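Asks: what follows is a predicted protein model with its sequence.
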Amino acid sequence: MTRELFGTSKDGKEVYAFTLENKKGVKARVINFGAILLNLYVPDEKGNIEDIVLGFDKLEDYYRNESFFGVTIGPSANRIGNAAFKIGSKEYKLEVNDGPNNLHTHMENGFHKRVWDVTDETDNSVTFSLESPDGDLGFPGNRKFSLTYSLSDDNSLKLTYHAESDAETLINMTNHTYFNLNGHKSGKIEDHILKINASSYTPVVEGAIPTGEIVPVEKTPLDFTDPKRIGNDIEADFEQLKLVKGYDHNFVIDGADGTLREAALVVDPVSNRKLLAYTTLPGIQFYAGNCIGEETGKEGAVYGPRTGLCLETQYFPDAINKPDFPSVVFGPERDYDAVTVYRFI
C-alpha cells in the first residue's frame, strides 16, 4: 500500500491517495476526501487492465460531483420523505434538496465532501474516520464513523463500516461508486448482464420515496432473479421505471439476516469481467445511471446517462419513516456495523 498527495482541500487540509494492490493485478485507489474510491483497475480474462469506475482526475472536480462518483455517503444515504424524521417524539429537519425531500444528507456538507482522518494503514488496508457532533446537518448525537477499505488476493475489495453515537440517531451509509466493467470510458452499460438475489423490491411514488410496501419482482421489468441484459426492459412501459427514468430501485435481498451474503452479479460480455457484490445489509439500490449529466471525467472520458451503474448496499430508503422497514436507528445500545464486498471473478 502506498500513499501520495492528491491535493489540498478548500479549508487547507492535505488530501492523500492510497493505492492498494494485490498479487493478481487488481489495484484500488482511494482518497480521504469523501472516503472516495477513485480508481479500480481490474484485468480481464486476457490480462488487459482497465479502470472500471467513473470519476475525476482532480480533487477540485469532486467538490462539484453532482452524480456522487465513488463517494461514501453519510450519515444518511438515499432519500428521506419531506426531509424530516422523528425519533421518539422529537422531529428533526434536514436539507430540502430533492423536490420536497432529502437526498444523500447534504449536497455541500455531507460526508462525501469532507476530509476524513486517516487512522490506520496496513499492507492491504486503510481506515478513514470522521467525527460528527450533535446537531451536525440536523442529526442528533455525538457520533464517530469509520470506513476501512481492504483488498485481498482473491480480488475482493472490502468496505467495513462502523459508527457509534451517544444518543439515538439515524445512520444509513453507502458507497456510490459507478461501475463500467468494460472500462470507465467505454460508453453505456446497457449490455451488461445483471443478476440480483432479490425476489422483492420497495416500489416508489413520485420523488422516488418508497410507498412502504415490499412487493414481488416477478412478472415485472425489475425481475433480475435470473441473469438479464440491463437494457432489455429499461425502457418498458412500466410506471416504476417511468418515475425514475429507468432502474433506480431498492431491492430486498433474499434471506438477509445480517451475515455476509451474495446480493448481485454483474457480467460485461465484451471483457468478460465479472463482479460479485456481497453485503450484510438488507437492501441494494440498483441505479443504472439514468441521470448522469454529460461531463468530462478521468482521462478526458465523456460520461453521460447510463455510462455506469451503482450497486449501493443499504438499509431501505426512508426507513426512518417506514416502521415496517428494518430499523435505521442506532445509538448507545446499538452500534452501526456493516460490510460490503465487491469481488472480481
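Replies: Arrived safely.
Asks: residues in contact with residue 133?
Replies: Contacts for residue 133 were tallied using C-beta atoms under 8 Å, 6 or more residues apart in numbering; they are 142-143. For the C-beta atoms, the positions are set from N, CA and C on the backbone; glycine is no exception.
Asks: count of neighbours near residue 329?
Replies: 16 (other C-beta atoms under 10 Å).
Asks: sorry, wrong one. I was asking about residue 323.
Replies: Applying other C-beta under 10 Å, we find 8 residues neighbouring residue 323.
Asks: where's the residue of the chain most remote from its centre relative to residue 73, distance?
Replies: Computed with C-alpha atoms, centre = their mean, the residue of the chain farthest from its C-alpha average is residue 89, at 30.7 Å. Distance, residue 89 to residue 73, using C-beta to C-beta, to the nearest Å: 28 Å.
Asks: give the contact list for the residue lying closest to residue 231 once chain neighbours are set aside.
Replies: Sequence neighbours aside, residue 190 is the residue nearest to residue 231 in space, at 3.1 Å (criterion: C-beta to C-beta, 6 or more residues apart in numbering). By C-beta under 8 Å, 6+ apart, the residues touching residue 190 are 229-231, 234, 288, 306.
Asks: assumed residue 190 was part of a helix.
Replies: No - looking at residue 190 with DSSP: H, G, I helix; E, B strand; the rest coil, it is coil, so not inside a helix.
Asks: confidence score at it?
Replies: pLDDT, residue 190: 98.
Asks: my guess is residue 158 contacts residue 150. True?
Replies: Yes - counting by C-beta atoms under 8 Å, residue 158 does reach residue 150; the two are 4.7 Å apart.
Asks: ok, back up a step: ok, so of the contacts of residue 190, who is nearest residue 312?
Replies: residue 288 (12.0 Å; C-beta to C-beta).
Asks: identify the residues contacting the closest residue to residue 112 other than its chain neighbours.
Replies: Distances taken as C-beta to C-beta, 6+ apart place residue 71 nearest to residue 112, at 3.6 Å, with adjacent residues excluded. Applying C-beta under 8 Å, 6+ apart, one finds that residue 71 lies in contact with 34-36, 62, 65, 112, 175-176.
Asks: the same query, at a cut-off of 6 Å, please.
Replies: Residue 71 makes contacts with 34, 36, 112, 176, as judged by C-beta atoms under 6 Å, 6 or more residues apart in numbering.
Asks: out of the residues you listed, grab the one that's most surrounded.
Replies: Most surrounded of those: other C-beta under 10 Å gives residue 36, at 31 neighbours.
Asks: which strand or helix spans the residue nearest to it when sequence neighbours are not counted?
Replies: Distance criterion C-beta to C-beta, 6+ apart; nearest residue to residue 36, sequence neighbours excluded, is residue 70 at 4.4 Å. Assigned by DSSP states H and E, residue 70 belongs to neither a helix nor a strand.
Asks: and residue 295, how many neighbours?
Replies: 17.
Asks: try residue 109
Replies: 12.
Asks: residue 130 now?
Replies: Counted with other C-beta under 10 Å, the neighbours of residue 130 add up to 21.
Asks: got the phi/psi numbers for it?
Replies: phi -150, psi 140 (degrees, to the nearest 10).
Asks: filter the contacts of residue 190 to the buried ones?
Replies: Among the contacts of residue 190, those buried by neighbour count (16 or more other C-beta atoms under 10 Å) are 230, 234, 288, 306.
Asks: now render these as CSV, adding pLDDT and secondary structure.
Replies: Putting these into CSV (pLDDT from 0 to 100; DSSP: H, G, I helix; E, B strand; the rest coil) gives the following:
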residue, pLDDT, secondary structure
230, 99, helix
234, 98, coil
288, 98, coil
306, 98, coil
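Asks: from the residues you listed, which is closest to residue 344?
Replies: Comparing every one of the buried ones among the contacts of residue 190 with residue 344 (C-beta to C-beta), the shortest separation belongs to residue 230, at 18.5 Å.
Asks: that closest one reaches residue 195, doesn't it?
Replies: No - contact between residue 230 and residue 195 fails when scored by C-beta atoms under 6 Å: they sit 10.8 Å apart.
Asks: what residues are up against residue 295?
Replies: residue 303.
Asks: next one: it from residue 333, what distance?
Replies: 44 Å.
Asks: quick one: average pLDDT of whatever helix or strand residue 61 lives in?
Replies: Assessed by DSSP H and E, residue 61 sits inside helix 59-62. The average pLDDT within helix 59-62 is 98.
Asks: sheet partners, orientation included, of the helix or strand immediately after that helix in the chain?
Replies: Later in the chain than helix 59-62, the nearest helix or strand by DSSP H and E is strand 72-73. Here strand 72-73 is paired, per DSSP bridges, with strand 174-175 (antiparallel).
Asks: please state the offset of the helix or strand just after the partner strand from the chain centre?
Replies: Downstream of strand 174-175, the next assigned helix or strand under DSSP H and E is strand 178-179. Relative to its chain's centre, strand 178-179 lies at 9 Å (C-alpha atoms, centre = their mean, to the nearest Å).
Asks: residues touching strand 178-179, excluding its own?
Replies: The set of residues external to strand 178-179 that reach it, using C-beta under 6 Å, 6+ apart, is 52, 54, 69, 308-310.
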